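Undergrad: Just to be clear, the model below is a prediction. Sequence and coordinates:
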Amino acid sequence: MSDAPHAPVDVLVARLDDGLDLPSYAHPGDAGVDLRTAVDAVLAPGERAVLPTGVAIALPDGYAAFVHPRSGLAARCGVGVLNSPGTVDAGYRGEIQVVVVNLDPRETVHLRRGDRIAQLVVQRVEKVRFHEVASLPGSARGSGGFGSSGGAGALDAQQQGSQPQGTHEQTTARGVPAPATEGI
Ligand SMILES: O=c1ccn([C@H]2C[C@H](O)[C@@H](COP(=O)(O)OP(=O)(O)OP(=O)(O)O)O2)c(=O)[nH]1
């Protein structure tokens, strides 16, 4: 395994709010840079808001940035990112926004301008070409999903009793029989 540090990817950033710090890594080795809210917000239990961050970026082609929650805000205050992870496309030039939600059942959350409300993780993303086939190659998992491997008491109890609510395994888990994909 190589110990050579990765060269950082250069990303153009525009500051849309002079009073806010630009995103930066808090520690070496951090995956995400924190995003700050440009406005105050008060979120009642269950309430959401779309908060501007005061920054816009231009990612190189082949990259995307993902808006993730901050674990401290989630664990201590119940604040998450509703569309987590939010996807910032390489071609997006608008202000990065964060769709925060207060999932605490009781407490109102007060966010202040400048608070670090989420983190942005930049990643390389693949473009794919889809090839339609009549049937897919077999695999060990097959069409099993949605808890089919168990491993949590709640899942196991449900598997012994009824189907999980909202899934209709007989009708939606379509088993697709084997290959016809040679040459791909
Ligand atoms: O958390 C997010 C998610 C998205 N965006 C911006 C960047 C992204 O490139 C654009 C569109 O996001 P997405 O594709 O998720 O939204 P959509 O609802 O599918 O809208 P569109 O039809 O514009 O693609 O909105 C954000 O600023 N924050």
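TA: Here it is on my side, so go on.
Undergrad: quick one: low-confidence ranges for the protein?
TA: Within the chain, the set of residues satisfying pLDDT under 70 comprises 1-3, 162-184.
Undergrad: For Ala140, give its distance to the ligand.
TA: According to C-beta to the nearest ligand atom, to the nearest Å, Ala140 stands 32 Å off from the ligand. C-beta coordinates here come from the backbone N, C-alpha and C atoms, glycine included.
Undergrad: I misspoke; the intended subject was Thr53.
TA: Separation of Thr53 from the ligand (C-beta to the nearest ligand atom): 8 Å.
Undergrad: can I assume that residue is in contact with Val99?
TA: No: using C-beta atoms under 8 Å as the test, Thr53 is too far from Val99 to be in contact (11.5 Å).
Undergrad: In terms of neighbours, single out the busier of those two.
TA: Shown here are Thr53 and Val99; by other C-beta atoms under 10 Å, Thr53 has more neighbours (24 against 16).
Undergrad: give me phi/psi at that one?
TA: Reported as degrees, to the nearest 10, the phi and psi values for Thr53 are phi -110, psi -10.
Undergrad: Tell me the spacing between it and Leu73.
TA: Using C-beta to C-beta, to the nearest Å, Thr53 is found at 15 Å from Leu73.
Undergrad: One more: Gly32?
TA: Distance of Gly32 to Leu73, computed by C-beta to C-beta: 13 Å.
Undergrad: Surely Val122 and Gly62 touch.
TA: No: counting by C-beta under 8 Å, Val122 stays clear of Gly62, with 11.1 Å between them.
Undergrad: quick one: which of these two has more around it?
TA: In terms of neighbours (other C-beta under 10 Å), Val122 is the more surrounded of Val122 and Gly62; the figures are 20 against 11.
Undergrad: Which of the helices or strands spans that one?
TA: Assessed by DSSP states H and E, Val122 sits inside strand 116-124.
Undergrad: just Val98 next, same as before
TA: Val98 is located in strand 97-102, with elements delineated by DSSP H and E.
Undergrad: Please apply the same query to Ala56.
TA: strand 55-58.
Undergrad: Not counting that strand itself, show me its contacts.
TA: Strand 55-58 is contacted by residues 11-17, 20, 22-23, 35, 65, 88, 90, 92-96 when judged by C-beta atoms under 8 Å, 6 or more residues apart in numbering.
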